[in-house]
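A.B. asks: predicted model follows, preceded by the sequence.
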Amino acid sequence: MFSHLLPEFLVERRSDRCIKCRVCERQCPNGVHHYDPELDLMFSDESPCVGCQRCVVFCPTNALSVYPHPTTYRPNASWTREKLQDLKKQAETGGVILTGSGNDKPYRIYWDHLVLNASQVTNPSIDPLREPMELRTYLGRKPDTLEVEVCGDKVSITSRLSPNVPVETPILFSAMSYGAISYQAFVSLAMAAKEFGTLFNTGEGGLPREMREKFGQNAIVQCASGRFGVDPEYLNSAAMVEIKIGQGAKPGIGGHLPGEKVAANIALTRMIPEGTDALSPAPQHDIYSIEDLSMLIYALKEATNYEKPVSVKIAAVHNVAAIASGIVRAGADIVAIDGLRGGTGAAPKAIRDNVGIPIELALAAVDRRLREEGIRHKCSIIAASGIRCSADVVKAIALGADAVYIGSAALVAMGCTLCQKCYTGKCAWGICTQDPYLTRRLNPEIASQRLVNLLRGWSHEIKEMLGGMGINAIESLRGNREHLRGVGLEGWELDVLGVKGAGE
Ligand code: SF4
Ligand code: SF4
């Protein structure tokens, strides 16, 4: 069918700079650039361009520019360009519109309406370059009371403690499965987590056997609705187990890894036949109540000899606080909450852009509810979705998180430009693809170093911000809303966040 769609991007090539090296032609997986040997000229067909910017970055003479196509329909506040294009796409295909990465709609980003405190005069600030500053965080259930035995000058804890996992910075890598991302990207995350002393998350794609010994102690292994790759060895190889109930980008629906992406090692890791579709059902078929969830939590604890904390990950939805309370009472040691802007390899656009609530409001509501019920210490909270910088991390912790998951930020560190075309399997940066020509573009040694640099930079900045507030341990900031003030927020928003307005 002849397509009525307007191109999304405009590709401009400066002929005075182009040396016809054909780098752009080789770098583009979408066939935008081509060389005509008869005319000895480079040409572009911009209609398949996805704006990944790979050609722009790799052009040795800075001859290329790629930007949003200026051609537009008659401006219409109701029928925007995006609405018209989406409708035309569906008229041409009759299908669901898929997308990748996180929600890009202009919902309020509360991080940008929260400001942090700093010490002045009465409580001196702390210089993190001269004083010790503690970012280590222990993830897991804490005891109701702590009993100690003092013997001479020795003090020992006699209370029975639940398993806790220490991380050297309160930043973890989000669940991204091998299959959705390339082996190279998956290994890069594992290498960076190990080097920095934090955790990566297998998502629902399993943990390849050859990685278990080396990276298991930095892995969170997921048990999701498809139960791919789940067996006792998988569970016991990890630092922590996570039951995935929901995902911020697609609350309430399952997932689908097409058979053509299920190559030999992915099939082996997921324990499914090679080339078959990996379908994740929307619900976990054995969980229809908090009691059912409790049975799975304790089954996983049993399988891991009560040595590993069990996390339950949910999408942030309307009654998230009540759900989180039930999860903690069901026996979970960690509640992970993934908000409206959470990323994905593939999701229906209608779901990604319209379902769920912002993580800032969900996090504040959950933290407050658990405190009111006197059970906040029984779990750690991990907040996820749309964490873009170290200040977002600090604000999340002041709103009640113990730690955050970063997904898109980690991908961007590796090269991703948030082009949102992960579901096509043609990621130009070698991240969200299984094409061997493309995956070879990602060198795990280099990508993991980029990730470690990101964690190091953010951790330094977090220490600076803590020092400025006169705090020397991240623990002292957790849920401490006195260090936050709202700017430009409505009364109801301040109430949900539990934060005063600036000047109060
Ligand atoms: S990469 Fe740059 S210099 Fe090379 S052919 Fe493409 S536009 Fe020309
Ligand atoms: S991972 Fe690749 S395909 Fe997905 S948004 Fe990033 S650059 Fe685009």
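C.D. replies: All right, it came through fine. Ligands and ions are numbered 1, 2, ... in the order given.
A.B. asks: what pLDDT does Met42 get?
C.D. replies: As predicted, Met42 sits at a pLDDT of 98.
A.B. asks: distance between the strand or helix carrying it and the chain's centre?
C.D. replies: Remark: Met42 resides in strand 41-44, with elements defined by DSSP states H and E. Distance of strand 41-44 from the chain centroid (CA atoms, centre = their mean, to the nearest Å) equals 38 Å.
A.B. asks: so which bits of it are buried?
C.D. replies: 42, 44 (16 or more other CB atoms under 10 Å). Where C-beta positions appear, they are placed from N, C-alpha and C, glycine not excepted.
A.B. asks: please see if that strand touches ligand 1.
C.D. replies: Yes. Counting by CB under 6 Å from any ligand atom, ligand 1 has neighbours in strand 41-44: Met42.
A.B. asks: neighbouring contacts of that strand?
C.D. replies: Outside of strand 41-44, the residues within contact range by CB atoms under 8 Å, 6 or more residues apart in numbering are 11, 13, 18, 20, 22, 24-25, 32-36.
A.B. asks: correct me, but Leu438 touches Cys432?
C.D. replies: No. If you go by CB atoms under 8 Å, Leu438 and Cys432 don't touch, sitting 9.4 Å apart.
A.B. asks: more neighbours: which of these two?
C.D. replies: Looking at Leu438 and Cys432 with other CB atoms under 10 Å, you find the greater number of neighbours at Cys432, namely 27 against 22.
A.B. asks: kindly state the pLDDT recorded for the residue lying closest to that one once chain neighbours are set aside?
C.D. replies: Using CB to CB, 6 or more residues apart in numbering and skipping residues adjacent in sequence, the residue nearest Cys432 is Cys422, 3.7 Å away. Looking at Cys422, its pLDDT reads 95.
A.B. asks: likewise for Pro258?
C.D. replies: 80.
A.B. asks: for the stretch 1-150 of the chain, just list every one of the strands.
C.D. replies: Here the stretch 1-150 of the chain has its strands, by DSSP state E, counting those that start in this stretch, at 9-13, 33-36, 41-44, 64-68, 98-99, 114-116, 137-139, 148-151.
A.B. asks: count of neighbours near whichever residue of the stretch 201-350 of the chain sits closest to ligand 1?
C.D. replies: Of all residues in the stretch 201-350 of the chain, Gly345 sits closest to ligand 1, at 28.4 Å by CB to the nearest ligand atom. Gly345: 23 surrounding residues under other CB under 10 Å.
A.B. asks: give the contact list for it.
C.D. replies: 100, 176-177, 180-181, 422-423, 432.
A.B. asks: need the overlap of contacts for Leu438 and Cys432.
C.D. replies: Ser182.
A.B. asks: any idea how far the most centrally placed residue in the chain lies from Ala91?
C.D. replies: Compute the mean C-alpha point of the chain, and by CA atoms, centre = their mean the closest residue is Gly407, 2.6 Å away. For Gly407, the distance to Ala91 (CB to CB, to the nearest Å) stands at 33 Å.
A.B. asks: find me the pLDDT at Gly275, would you?
C.D. replies: Per the predicted model, pLDDT is 89 at Gly275.
A.B. asks: may I see the buried residues of stretch 347-355?
C.D. replies: 347-349, 351-353, 355.
A.B. asks: near ligand 2 at all, it?
C.D. replies: No. On the criterion CB under 6 Å from any ligand atom, stretch 347-355 is out of touch with ligand 2, staying 12.1 Å away.
A.B. asks: may I have that stretch as PDB, with CA atoms only?
C.D. replies: Extracted C-alpha coordinates of stretch 347-355, given in PDB (Å, rounded to 0.1, in the frame of the first residue of the first chain):
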ATOM      1  CA  ALA A 347       5.200  -1.900  24.200                       C
ATOM      2  CA  PRO A 348       2.000  -0.800  22.600                       C
ATOM      3  CA  LYS A 349       2.300   3.000  22.300                       C
ATOM      4  CA  ALA A 350      -1.300   3.500  23.700                       C
ATOM      5  CA  ILE A 351      -0.300   1.700  26.900                       C
ATOM      6  CA  ARG A 352       3.100   3.200  27.300                       C
ATOM      7  CA  ASP A 353       1.700   6.700  26.900                       C
ATOM      8  CA  ASN A 354      -1.500   6.500  28.900                       C
ATOM      9  CA  VAL A 355      -1.300   3.900  31.700                       C
END
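A.B. asks: what mean pLDDT does that stretch get?
C.D. replies: 96.
A.B. asks: so where do the strands sit in the stretch 401-504 of the chain?
C.D. replies: 403-406, 484-486, 500-501.
A.B. asks: quick one, helices of the stretch 401-504 of the chain?
C.D. replies: For the stretch 401-504 of the chain, applying DSSP state H, counting those that start in this stretch gives helices covering 408-414, 436-439, 444-468, 491-497.
A.B. asks: give me the next element, helix or strand, following the lowest-mean-pLDDT helix or strand in the chain.
C.D. replies: Lowest by mean pLDDT, DSSP states H and E among the helices and strands of the chain is strand 255-257, with a mean of 84. Downstream of strand 255-257, the next assigned helix or strand under DSSP H and E is helix 264-270.
A.B. asks: so what's the gap between that next one and the chain middle?
C.D. replies: On CA atoms, centre = their mean, the centre of helix 264-270 falls 23 Å from that of its chain.
A.B. asks: now what about it, what contacts it?
C.D. replies: Looking at what lies outside helix 264-270 - CB under 8 Å, 6+ apart - the contacts are 178-179, 183, 205-209, 226, 228-229, 257, 262, 273-276, 278, 434.
A.B. asks: elements contacting the helix or strand that it is followed by?
C.D. replies: Following helix 264-270 in sequence order, the next helix or strand is strand 278-280 (DSSP H and E). Contacts defined by 3 or more CB pairs under 8 Å, 6 or more residues apart in numbering; DSSP states H and E place strand 278-280 against strand 255-257.
A.B. asks: how about the closest residue to ligand 1 within the stretch 351-500 of the chain, what does it touch?
C.D. replies: Proximity of the stretch 351-500 of the chain to ligand 1 (CB to the nearest ligand atom) peaks at Ala428, 13.4 Å away. Shown in contact with Ala428 (CB under 8 Å, 6+ apart): 27-30, 52, 54, 419, 438, 441.
A.B. asks: I'd like those residues laid out as TSV, including distance to ligand 2 and pLDDT.
C.D. replies: Formatted as TSV, the contacts of Ala428 follow (distance: CB to the nearest ligand atom, whole Å; pLDDT from 0 to 100):
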residue	distance to ligand 2	pLDDT
Gln27	12	98
Cys28	13	98
Pro29	9	97
Asn30	11	97
Cys52	5	97
Arg54	8	98
Cys419	4	97
Leu438	9	98
Arg441	11	97
